[in-house]
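S.K.: Provide a 3D model corresponding to the input given below.
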Amino acid sequence: MIRVLIVDDQVMVREGFSVLLNAMPDIEVVGEAVDGRQAVREVALRKPDVVLMDIRMPVMNGLEATREIVAADADAKVLVLTTFDLDEYVYQALRSGASGFLLKDASAGQLAEGVRIVASGEALLAPTVTKRLISEFSRLGTPRAPAQERIGDLTERETEVLVLVAQGLSNGEIAEHLVVAESTVKTHVSRILVKLGLRDRTQAAVFAYEARLVTPGG
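M.R.: Numbering: from 1, shown residues only. As a prediction, this is how the structure comes out:
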């Protein structure tokens, strides 16, 4: 069973997601929190596999809570819930350690699949969010020097895999694109994370954007 903690200050949202997720045979909602501070306490207490995290909340917002949760447990998986008007927070949340994003109007199936993807260690970036990220990094202009310099540590194939990860492709999709075994892709991703000192695929995606490996239309 995938154990989930739901964090949102709106009771109807919490109850709605709880009903949807508990209806799935492989997912169990183990707790809820009404703000970021309570979320930090509940994560420490209940050790959920995935935290569904809202951003705008009283006491402590979702960005601050995500930072604290990830700082306390590097393996913690936070799936941020966002709406179109919250897109400006996407980059900050990824930098805070979020494992992915899901739009709040997602269907029950999309919500459950998002939880499963993040629980398995994959990054989850909705296509609309990914496009927004790319546009934002394009607007920022000059790539971050540290990111640019560290690209040289990667092989040509590892750089290619990193770009595909940043574009939101799963290991299976990357394997199909490169015509290699999925196990080979997993090995490449693991080496990329080690070489760049990153914790997961989502941080790898952020790195690729910062280094300008991914650009609009790229």
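S.K.: Can you show me the helices along this protein?
M.R.: Secondary structure of the chain (DSSP state H): helices located at 11-22, 36-46, 62-72, 90-96, 108-119, 127-140, 145-150, 156-166, 171-178, 182-196, 201-210.
S.K.: so where's the chain uncertain?
M.R.: 84-91, 122-149, 215-218 (pLDDT under 70).
S.K.: any idea how far residue 201 is from the residue of it positioned farthest from its centre?
M.R.: Most distant from the centre of the chain: residue 179, at 25.9 Å, with distances by CA atoms, centre = their mean. Per CB to CB, to the nearest Å, residue 179 is found 21 Å from residue 201. Yep, even glycine has a C-beta here, placed from its N, CA and C like the rest.
S.K.: try residue 45
M.R.: With CB to CB as the criterion, residue 45 and residue 201 are 27 Å apart.
S.K.: okay, those two: which has more neighbours?
M.R.: A count of neighbours by other CB atoms under 10 Å puts residue 201 above the other of residue 45 and residue 201, at 24 against 11.
S.K.: Give the buried residues for stretch 202-218.
M.R.: 202-214 (16 or more other CB atoms under 10 Å).
S.K.: Relative to residue 79, how far out is the residue nearest to residue 24 when sequence neighbours are not counted?
M.R.: Sequence neighbours aside, residue 112 is the residue nearest to residue 24 in space, at 4.8 Å (criterion: CB to CB, 6 or more residues apart in numbering). Going from residue 112 to residue 79 by CB to CB gives 11 Å.
S.K.: same question, residue 71
M.R.: Counting by CB to CB - residue 71 and residue 79 are separated by 18 Å.
S.K.: So for these two, which residue has more residues nearby?
M.R.: residue 79 (21 against 12).
S.K.: Can you verify my assumption that the more buried one contacts residue 53?
M.R.: Yes - with contacts counted by CB atoms under 8 Å, residue 79 reaches residue 53, the gap being 6.8 Å.
S.K.: tell me, what's touching those two both at once?
M.R.: residue 98 (CB atoms under 8 Å, 6 or more residues apart in numbering).
S.K.: Determine which two of the buried residues of stretch 202-218 are furthest apart.
M.R.: 202 and 212 (17.8 Å; CB to CB).
S.K.: distance between the ends of stretch 190-206?
M.R.: One end of stretch 190-206 sits 16 Å from the other (CA to CA, to the nearest Å).
S.K.: Can you tell me the closest non-neighbouring residue to residue 191?
M.R.: residue 158 is the one closest to residue 191 (CB to CB, 6+ apart), at 6.2 Å.
S.K.: ok, how many other residues are close to that neighbour?
M.R.: The burial count for residue 158: 18, using other CB under 10 Å.
S.K.: Just to check, it is in contact with residue 185?
M.R.: No - Residue 158 lies out of contact with residue 185 (CB under 8 Å); the separation is 10.7 Å.
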